[in-house]
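Visitor: sequence plus predicted model, see below.
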Amino acid sequence: MGRITVHGDEIVTITLARHEVRNAFDRQMLEEIAKALQSSHIVEARAVIVASQGEHFCAGADMCWLQNARHLTDQKNREETALLAFVLHTLDKIPVPVCARIQGSVRGGGLGLVAACDSAIASHSASFALSEVRIGVAPACISPYVIPKIGISASRHYFLTGEQFSAARAYELGLVHQLTDDLDGAIALWSAAILAGAPQAQRAAKRLEDSVDGAALLAQLRVSEEAQEGINAFLQKRAPNWIKK
């Protein structure tokens, strides 16, 4: 049985599907996520939603999977940790907008998944913890995504204490962008907002944090077919007809 499900066309949803263990990930789940994120189906979509089955978003790494690491060779152990790093990097760099749909508890590596997404929408009752130190490890793979999201001060505090914090605190820190009692409704509104934007412009916007020549990029974009369609639609007071490329 698969650890994830994938469905949708323009808006593709990847659903973590191990609700019996709070959607904790193991090697198989990470391999399935990596394969999904690299598929042309997802890369060519307008947006991706990362969701989960059941009451909880993700408990981080499966404890039994972690326990089994003691039986692995050094090489196999490194391969498994590299797999988590690869999934987070791929999720962070996927060219289309990505949103996390969050309910229940989010722990450890699950928080890394959230941090690697562009947007995050959570229920008011969701809770978060960077709990790695409480089982004798450190949030090494997820730190490159968590630190830019919540800052070095908050990161050090929660990395060191492992304490739980609320959805309201996650919102204050910038980890979560919206709190709601209607996740499906909020995700539908987010999807509509993404579809209202120009797809190539959105892909360019995701690259702005990298070292790019902003003036050169803007000069290229504003004379593009897509930008001219957007400008004409604005002047003509109509909805733009975006072409998915």
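Guide: Yes, it's here.
Visitor: going forward, measure contacts between C-alpha atoms and count neighbours the same way
Guide: Noted.
Visitor: what's the first helix or strand after the helix ranked longest in the chain?
Guide: In the chain, taking DSSP state H as the definition, the longest helix is helix 74-93. The first helix or strand that comes after helix 74-93 along the chain, using DSSP states H and E, is strand 98-102.
Visitor: give me the angle between that next one and helix 74-93.
Guide: Orientation of strand 98-102 against helix 74-93 (axes from the mean of the first three to the mean of the last three Cα atoms, to 10 degrees) gives an angle of 100 degrees.
Visitor: contacts made by whichever helix or strand comes after strand 98-102 with the rest, please.
Guide: In the C-terminal direction, the helix or strand that comes right after strand 98-102 (DSSP H and E) is strand 105-107. The contact list for strand 105-107 (Cα atoms under 8 Å, 6 or more residues apart in numbering) reads H56, F57, C58, A59, G60, A126, S127, F128, A129, L130, S131.
Visitor: got the buried residues for stretch 189-199?
Guide: Of the residues in stretch 189-199, W190, S191, I194, A198, P199 count as buried by neighbour count, 16 or more other Cα atoms under 10 Å.
Visitor: one more: stretch 161-168?
Guide: In stretch 161-168, counting by 16+ other Cα under 10 Å, buried: G162, Q164, A167, A168.
Visitor: mean pLDDT per element in the protein, and the minimum belongs to which helix or strand?
Guide: Using mean pLDDT, DSSP states H and E, the weakest-scoring helix or strand in the chain turns out to be helix 214-222, at a mean of 75.
Visitor: tell me how far that one lies from the chain's centre.
Guide: The chain centroid and the centroid of helix 214-222 are separated by 27 Å under Cα atoms, centre = their mean, to the nearest Å.
Visitor: then stretch 150-167?
Guide: 19 Å.
Visitor: start and end of that stretch, how far apart?
Guide: Using Cα to Cα, to the nearest Å, the end-to-end distance of stretch 150-167 comes to 13 Å.
Visitor: pLDDT averaged over that stretch - what is it?
Guide: The average pLDDT for stretch 150-167 rounds to 98.
Visitor: what of stretch 33-43?
Guide: On average, stretch 33-43 scores 93.
Visitor: try stretch 51-70
Guide: 93.
Visitor: tell me the buried residues in it?
Guide: A51, S52, Q53, G54, H56, F57, C58, A59, G60, A61, D62.
Visitor: centroid residue for the protein?
Guide: Closest to where the C-alpha atoms of the chain average out (Cα atoms, centre = their mean) is C117, at 2.5 Å.
Visitor: E79 versus that residue, what's the distance?
Guide: 23 Å.
Visitor: returning to that earlier point: what sits against the residue nearest to the centre of the chain?
Guide: L91, D92, V98, C99, A100 are the contacts of C117 under Cα under 8 Å, 6+ apart.
Visitor: look up which residues are beta-bridged to R101.
Guide: I121 (DSSP bridges).
Visitor: counting neighbours, what do you get for it?
Guide: 23 (other Cα atoms under 10 Å).
Visitor: picking up where we left off before, cross the buried residues of stretch 51-70 against strands and list the overlap.
Guide: Among the buried residues of stretch 51-70, DSSP state E puts A51, S52 in strands.
Visitor: between the buried residues of stretch 51-70, which is closest to I147?
Guide: The nearest member of the buried residues of stretch 51-70 to I147, counting by Cα to Cα, is G60 at 17.3 Å.
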